[in-house]
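Chemist: take a look and give me a structure for this.
(chains A and B)
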Amino acid sequence: MHTLEKTDMTEPLLCIENMTTRFFAGKAPVTAVDNLSLELGREETLAIVGESGSGKSVTALSIMGLIPKSQGRVTRGSIRLKGQELIGLDKKAMTRIRGNRISMIFQEPMTSLNPVLTAGFQLMEVIQKHRHMDRQKARKEALHMLSLVGIPEPDSRLDAYPHQMSGGMRQRVMIAMALSCHPEIMIADEPTTALDVTIQAQILHLINQLKSRIGMSVILITHDLGVVAQTAQKVLVMYAGRVVEQAWVQDLFDHPVHPYTLGLFASLPKIKAKTRRLTPIRGMVPSLDKLPQGCAFQDRCDKVMDVCRKKQPPFVAVTPDHFSRCWCHESP
Amino acid sequence: MTDPIILSARNVKKYYPVKTLGKKGLVKAVDDVSLDIVRGETFGVVGESGCGKSTLGKVLLRLEDLTEGTVIFNGQDLSGLNRAGLKTFRKQAQVIYQDPYSALNPKKKIGAVIEEPFKIHRLFTKQERQKKVVALLEKVGLHPDHRDRYPHEFSGGQRQRIITARALSVSPEFILADEPVSALDVSIQAQVINLLMDLKKEESLTYLFISHDLGVVKHICDRLAVMYLGRIVETAAVEEFFAAPLHPYSRALIAAVPVVDPRIALSAILEGDVPSPINPPDGCHFHPRCSIAGDICRRKAPRFEEKLSGRFAACHFPLINQGEAA
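Modeler: Below you'll find the predicted structure:
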């Protein structure tokens, strides 16, 4: 097990060990998340970075117990919330965890809200159901939540329909909904990807602020390294279903070591630097049902060696709190 | 001698009639825009969603008719072109769109897709066309064998290459690229940006590059225009712009981009939302969100004028240091 917090002897808030999620819907089973371990501390933001198909969203759905049973499931590993095992919980028990203790917001707030019900109705429904309040109390609580997430004139917004709101406002309503049961963890899956950059800044600022104000932890899933830098303390970099690098944020940005992470940084057009040519990663992400033997990154890697094509690289500690899955750390 | 200005727009307006709750109104998607694009440069247009940047691109290439104003391309007024003239113009100016998934006919093989412009413009014999298709595929980094495949067999980055090959087929001088890399993953985005920059050099192209991503614009563009609610609020050379923006909105836009460095926190967060383009604020459209707005900003729309030598902005209180003013 890889421990980032050495000083904290108690079990972290959320502890995932060797979680593997597989899908069985297609011709051959596909491993979307392979042997993932992570720890999330209190009031901590952990970012999971990766490109499309890296398994970052499936990781979130696995934690929430939202992988459709007909298509796939977590086949191995353990997910513990304050010591309580979540894998294998029955539907009722999982429903109690979802929303109350772990909640989630998604990329596109328009598709997550019901267009024919007012924002207030949907928010109050959550509060009434989960916190067993009557209508009047729920309305009061809904108003409180809307002002908490920085919606101006919450009174009138309560009776507005989703289409009458901007994208930023809708995402604020989603956050209000997610936080209305005071969860210990909020999972945000690309929460700002559909938003304009000035609105993105507002939402990121809001998430950072709320985290310390109500004492929750955040798992933030994103493809944007800028967003990671502005929000996270801990970072996991995923590629083709596996964690390839894991570190504290400052350490990762100062000294990335895995060839894929290095490639991501080199691919970025930098707003501050003055280079004219980017250094992309060649080729493209392999399809999960056609992963090569050995390291999944081998065909795009400049440092590829013979061993990379034969065996999976181990996840090794480069420094005590910095892990990377690459054979290059093993070479003499 | 050829004119250094390839495309020149004067007081271009594009208004769409709308009906909200039975009341008739106008969306001023593009409102009195003037700009010059120099031959051989990459000219960026940035702004948030709904600012009119895509509509501007469309009216500049007469993909939509404009409501008012003139667009001159290579010395020719586009609004005066007849069918034949327009066809010749389409050969000179091509388009690359954002979504590589919807821009390709799923039932057509890639070879046929790239060959189509040759057929439309009746260029070359069949054998020559086949050769050209192969050359184009290689030029954009694809394999000649790919011509017998269908669009669904390609990834997003490859599709963007196919669309680029199609645009290049008629050897245009000018390419409108509307968010060409926005739908792509970072590592693939870098490949396509490099390709676009290489092609520009090899084919001596001029780009009109529309994007919401300031990082990409800074990287690829020489000059840029910032749009807000249908109006251009600032134009500048990219370097000068990022070093010292003149318009408060430009400054806020730059500040909102999350810096890829955990040590630098987000600063100067712009409050509020972009107002509805159906009913924009009076005076300067930006005044409700502007930290330095004065009384005049609520009453009078600022003129778009030269504030420093070679730098234009529409603002009553441009961000100019003392002693720098023109």
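
Chemist: just the CA atoms of stretch A:48-63, as CSV, please.
Modeler: Extracted C-alpha coordinates of stretch A:48-63, given in CSV (Å, rounded to 0.1, in the frame of the first residue of the first chain):
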residue,chain,number,x,y,z
ILE,A,48,-7.3,12.6,-11.1
VAL,A,49,-5.9,13.8,-14.5
GLY,A,50,-6.0,11.9,-17.7
GLU,A,51,-7.2,12.1,-21.3
SER,A,52,-10.4,10.5,-22.7
GLY,A,53,-10.4,6.8,-22.1
SER,A,54,-7.9,6.9,-19.2
GLY,A,55,-10.5,5.6,-16.7
LYS,A,56,-10.8,8.7,-14.6
SER,A,57,-14.6,8.9,-14.8
VAL,A,58,-15.0,5.1,-14.3
THR,A,59,-13.0,5.5,-11.1
ALA,A,60,-15.5,8.1,-9.9
LEU,A,61,-18.5,6.0,-10.8
SER,A,62,-16.9,3.0,-9.1
ILE,A,63,-16.6,4.9,-5.9
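
Chemist: next, the buried residues of that stretch.
Modeler: Using 16 or more other Cβ atoms under 10 Å in any protein chain shown as the test for burial, stretch A:48-63 gives A:48-51, A:53-63. All C-beta spots, glycine's among them, are computed from the backbone N, C-alpha and C.

Chemist: of these, which is the nearest to A:I175?
Modeler: Using Cβ to Cβ, A:A60 is the member of those that lies nearest A:I175, at 15.7 Å.

Chemist: distance between the helix or strand where B:S187 lies and the chain's centre?
Modeler: B:S187 is part of helix B:186-203, with elements assigned from DSSP states H and E. When distances are taken as Cα atoms, centre = their mean, to the nearest Å, helix B:186-203 is centred 16 Å away from the chain's centroid.

Chemist: just flag the most distant two among the buried residues of stretch A:48-63.
Modeler: Greatest spatial distance in the buried residues of stretch A:48-63: A:E51 and A:I63, 20.3 Å, computed using Cβ to Cβ.

Chemist: circling back: among the buried residues of stretch A:48-63, which are in reach of chain B?
Modeler: The subset of the buried residues of stretch A:48-63 within reach of chain B, counting by Cβ under 8 Å from any Cβ of the partner chain, consists of A:E51.

Chemist: where is pLDDT lowest across the buried residues of stretch A:48-63?
Modeler: The member of the buried residues of stretch A:48-63 with the lowest pLDDT is A:G53, at 84.

Chemist: verify the stated contact: A:Q312 with A:L291.
Modeler: No: here A:Q312 does not reach A:L291: they are 10.2 Å apart, not a contact under Cβ atoms under 8 Å.

Chemist: quick one: contacts for the closest residue to chain B within the stretch 1-150 of chain A?
Modeler: Residue of the stretch 1-150 of chain A nearest chain B, by Cβ to the nearest Cβ: A:E51 (3.9 Å). When contacts are counted by Cβ atoms under 8 Å, 6 or more residues apart in numbering or on different chains, A:E51 touches A:H223, A:Y239, A:V285, B:D185, B:V186, B:S187, B:I188.

Chemist: the last one is in contact with A:P280, isn't it?
Modeler: Which is B:I188. Yes: proximity of B:I188 to A:P280 meets the contact threshold set by Cβ under 8 Å, at 7.3 Å.

Chemist: who has more neighbours out of the two?
Modeler: Legend: neighbour count by other Cβ atoms under 10 Å in any protein chain shown for B:I188 and A:P280, higher for B:I188 (25 against 21).

Chemist: wait, what's in contact with the more buried one?
Modeler: Residues in contact with B:I188 (Cβ under 8 Å, 6+ apart) are A:E51, A:P280, A:M284, B:S155, B:G156, B:G157.

Chemist: now do it against A:S103, distance only.
Modeler: According to Cβ to Cβ, to the nearest Å, B:I188 and A:S103 sit 32 Å apart.

Chemist: likewise for A:A201?
Modeler: As judged by Cβ to Cβ, A:A201 and A:S103 stand 23 Å apart.

Chemist: also B:S187?
Modeler: Separation of B:S187 from A:S103 (Cβ to Cβ) stands at 31 Å.

Chemist: what does A:L13 give?
Modeler: From A:L13 to A:S103 the distance is 14 Å (Cβ to Cβ).

Chemist: who's more crowded, the two?
Modeler: More crowded of A:L13 and A:S103, by other Cβ under 10 Å: A:S103, with 26 against 20.

Chemist: got phi/psi on that one?
Modeler: phi -130, psi 170 (degrees, to the nearest 10).

Chemist: need the distance between the two termini of stretch B:134-146.
Modeler: Using Cα to Cα, to the nearest Å, one end of stretch B:134-146 lies 9 Å from the other.

Chemist: can you tell me the average pLDDT over it?
Modeler: Mean pLDDT, stretch B:134-146: 90.

Chemist: what of stretch B:155-166?
Modeler: Mean predicted confidence for stretch B:155-166 is 89.

Chemist: does that stretch reach chain A?
Modeler: Yes: judged by Cβ under 8 Å from any Cβ, stretch B:155-166 and chain A are in contact via B:S155, B:G157, B:Q158.

Chemist: from those residues, which land in helices?
Modeler: Among the residues of stretch B:155-166 next to chain A, DSSP state H puts B:G157, B:Q158 in helices.

Chemist: would TSV of the residues of stretch B:155-166 next to chain A with neighbour count be doable?
Modeler: Shown next, in TSV, are the residues of stretch B:155-166 next to chain A (neighbours: other Cβ atoms under 10 Å in any protein chain shown):
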residue	neighbour count
B:S155	17
B:G157	24
B:Q158	22
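
Chemist: neighbours of the closest residue to B:R289 other than its chain neighbours, how many?
Modeler: Spatial nearest neighbour of B:R289, excluding adjacent residues (Cβ to Cβ, 6 or more residues apart in numbering or on different chains): B:G272 at 4.7 Å. Close neighbours of B:G272, defined as other Cβ under 10 Å, add up to 14.

Chemist: quick check: A:E245 touching A:L252?
Modeler: Yes: look at A:E245 against A:L252 with Cβ under 8 Å: they come within range, at 6.8 Å.

Chemist: find residues that contact each of those two.
Modeler: Common contact partners of A:E245 and A:L252 (Cβ under 8 Å, 6+ apart): A:V235, A:V237, A:T261, A:H322.

Chemist: what does the stretch 51-200 of chain B have sitting close to chain A?
Modeler: Residues of the stretch 51-200 of chain B lying near chain A (Cβ under 8 Å from any Cβ): B:155, B:157-158, B:185-191, B:193-194, B:197.

Chemist: perfect, that will be all.
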